[in-house]
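1. Please find the sequence and the predicted model below.
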Amino acid sequence: MIVLVLKYLTPKGFRGITFFPFVFIVDKEDKSDVVFLNHEKIHIRQQLELLLLLFFIWYGIEFLIRWRQYGDRHTAYRNISFEREAYANEKTLNYLQERPFWRFLHYLKKKKPAN
């Protein structure tokens, strides 16, 4: 994982964005935030599992489905299966060592929206 501080490549309102093997961040302080970096490492694993292109296609389609489902972009984003997995496990720093293959599928099930 290569972390670069490039605030102009990060969408407004977000701390960072991951495109394997890079993590683009807004604030250089996030380079030392282990929880934030673990969240982004989870996305790197997801991207590798889906061979990058399929990850971004799936992410975009699921975002559109969730946006229609919830009627709100932020709620849609927080309920994408990839984000649900990353947010649920970002504080478990050894998560990737124990994580089953394609674990994000577990987070596809509709539950109460995460805000």
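-> Right, received. Where do you want to start?

2. could you pull out the helices for the protein?
-> For the chain, helices defined by DSSP state H occupy the ranges 34-49, 53-70, 73-78, 81-89, 95-98.

3. Can you get me a residue count around F55?
-> For F55, the number of neighbouring residues by other CB atoms under 10 Å comes to 21. Bear in mind the C-beta positions are built from the backbone N, C-alpha and C, glycine included.

4. Look up how far F36 lies from the residue nearest the centre of the chain.
-> A centroid search over the chain (CA atoms, centre = their mean) returns E83, at 4.3 Å, as the residue closest to the centre. If you measure E83 against F36 using CB to CB, to the nearest Å, the figure is 14 Å.

5. First-to-last residue distance for stretch 89-104?
-> Counting by CA to CA, to the nearest Å, the length from the leading to the trailing residue of stretch 89-104 is 11 Å.

6. Would you indicate which residues of it are buried?
-> Buried residues in stretch 89-104, counting neighbours by 16 or more other CB atoms under 10 Å, are found at N89, E90, Y95, R99, R103, F104.

7. that older thread, could you pull up the contacting residues of the residue nearest to the centre of the chain?
-> Taking CB atoms under 8 Å, 6 or more residues apart in numbering as the contact definition, E83 lies against Y77.

8. if I look at it, how far off is N89?
-> 11 Å.

9. and what of I17?
-> Taking CB to CB, one finds I17 at 19 Å from N89.

10. again with Y59
-> Y59 sits 17 Å away from N89 when distances are taken as CB to CB.

11. Check the offset of stretch 16-33 from the chain's centre.
-> Averaging C-alpha positions (CA atoms, centre = their mean, to the nearest Å) puts stretch 16-33 12 Å from its chain's average.

12. State the mean pLDDT of it.
-> On average, the pLDDT along stretch 16-33 is 96.

13. Use 59 as the first number from now on
-> Right, with 59 as the first residue, what we last looked at is stretch 74-91.

14. Touching that stretch from outside, list them.
-> In this structure, residues lying in contact with stretch 74-91 by CB under 8 Å, 6+ apart are 59-65, 67-69, 72-73, 94-95, 98, 101-102, 105-106, 110.
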